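Engineer: Just the structure for this:
(one chain, ligands or ions: 1)
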Amino acid sequence: MTIAVRADDLTVSRGDLLIFSGLSLSLVAGESLMFTGPNGAGKSTALRAMLGLVGGAEGKSWLLAGDGAEPLPLAFAAHYLAHLNAMKPEMTARENLDFWKALTGDFGDGAGMAVDDAADAVGLIDVLDLPFGFLSAGQKRRIAFSRLLCSHRPVWLLDEPTAALDSAAKTLFSGLLNAHLAAGGIVIAATHEPLDLANAREMRFSGPVRLATDPFMDAEA
Ligand SMILES: Nc1ncnc2c1ncn2[C@@H]1O[C@H](COP(=O)(O)OP(=O)(O)OP(=O)(O)O)[C@@H](O)[C@H]1O
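Structural biologist: Okay, the predicted model is just below:
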């Protein structure tokens, strides 16, 4: 199935701050896009707005799955890996991954990996039966990433995916991300670090702009 991600004229304001405006993009299977820019520039907000998680966001984003298909909300077909790992610390890594696999399911006719295979792919089969809270920061991030492998979703939206990872794990992740792209997936990542992805484009965020709220004050300036 051919897929494409589109966003058209996304705009987000917070109070008197215009975080970004007029964000439009178009990606097809096998393409990746890096959101870059300084702290607070709006990269995470853009990922969340694409998923419909930002109240008051204007514009729209959608997924096209198959020729002539009706547009679908991106959340139907996307994995979102945020800053936080979204795992319960008192449950084992396996229990967490079982939960996510059952919750997200597979999109279309794709099939995710078995939990053991996904943990093996990130080099952590040995910790699967430990409580998630016992794992090191890097191990937690690797297990959180393996969630993406457990159920098939063609679009991956990633927020600082390599935070806390050592250089070997970063190389491993680049390999898994490139394999996803080679299989016809799409990756959009907010990142301060290069991810070494094939066909990567960059969208740079310059940061919020304060909107004028007092026209009389502006007139005096
Ligand atoms: N609920 C809110 N109310 C007001 N401002 C907010 C709110 N949420 C986020 N912001 C502001 O929106 C801006 C964008 O934040 P965002 O988290 O998207 O930045 P970022 O580019 O991902 O930064 P970083 O690189 O530090 O992760 C920041 O200036 C932040 O303070």
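
Engineer: what is the rounded mean pLDDT of stretch 32-40?
Structural biologist: Across stretch 32-40, the average pLDDT comes to 95.

Engineer: So which residues on this protein come close to the ligand?
Structural biologist: For the chain, the residues in contact with the ligand (CB under 6 Å from any ligand atom) are 14-15, 17, 19, 37, 39-45, 190, 205, 208. (C-beta placed from N, C-alpha, C; glycine too.)

Engineer: give me that answer again for 5 Å
Structural biologist: 14, 19, 39-45 (CB under 5 Å from any ligand atom).

Engineer: Would you mind listing the two of the residues you listed that lie farthest apart?
Structural biologist: The distance between the two most remote of the residues of the chain next to the ligand (CB to CB) is 15.3 Å, for 14 and 39.

Engineer: out of the residues of the chain next to the ligand, who has the most neighbours?
Structural biologist: For those, the largest number of neighbours (other CB atoms under 10 Å) sits with residue 43, at 26 neighbours.

Engineer: Give me the phi and psi angles of the closest residue to that residue other than its chain neighbours.
Structural biologist: Once flanking residues are discounted, residue 43 sits nearest to residue 190: 3.6 Å by CB to CB, 6 or more residues apart in numbering. Taking degrees, to the nearest 10, you get phi -90, psi 120 for the backbone angles of residue 190.

Engineer: Residues in a beta bridge with residue 190, which ones?
Structural biologist: residue 35, residue 159 (DSSP bridges).

Engineer: what do you get for the one 10 residues further on?
Structural biologist: On the basis of DSSP bridges, residue 200 takes part in beta bridges with residue 32.

Engineer: ditto for residue 62
Structural biologist: Under DSSP bridges, the beta-bridge partners of residue 62 are residue 6.

Engineer: can you give me the angle whatever helix or strand residue 8 lives in makes with strand 32-36?
Structural biologist: Element membership for residue 8 (DSSP states H and E) is strand 3-14. Strand 3-14 and strand 32-36 meet at an angle of 20 degrees, taking axes from the mean of the first three to the mean of the last three CA atoms, to 10 degrees as the criterion.

Engineer: CA atoms of strand 3-14 as PDB?
Structural biologist: Presented in PDB, the C-alpha positions along strand 3-14 are these (Å, rounded to 0.1, in the frame of the first residue of the first chain):
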ATOM      1  CA  ILE A   3       1.100   6.000   1.800                       C
ATOM      2  CA  ALA A   4       1.600   9.800   2.000                       C
ATOM      3  CA  VAL A   5       1.500  12.300   4.900                       C
ATOM      4  CA  ARG A   6       0.300  15.800   4.300                       C
ATOM      5  CA  ALA A   7       0.000  18.900   6.500                       C
ATOM      6  CA  ASP A   8      -1.600  22.100   5.300                       C
ATOM      7  CA  ASP A   9      -1.100  25.500   6.900                       C
ATOM      8  CA  LEU A  10      -0.800  24.300  10.500                       C
ATOM      9  CA  THR A  11      -0.700  27.200  12.900                       C
ATOM     10  CA  VAL A  12      -0.400  27.100  16.700                       C
ATOM     11  CA  SER A  13      -0.600  30.000  19.200                       C
ATOM     12  CA  ARG A  14      -0.200  29.900  23.000                       C
END
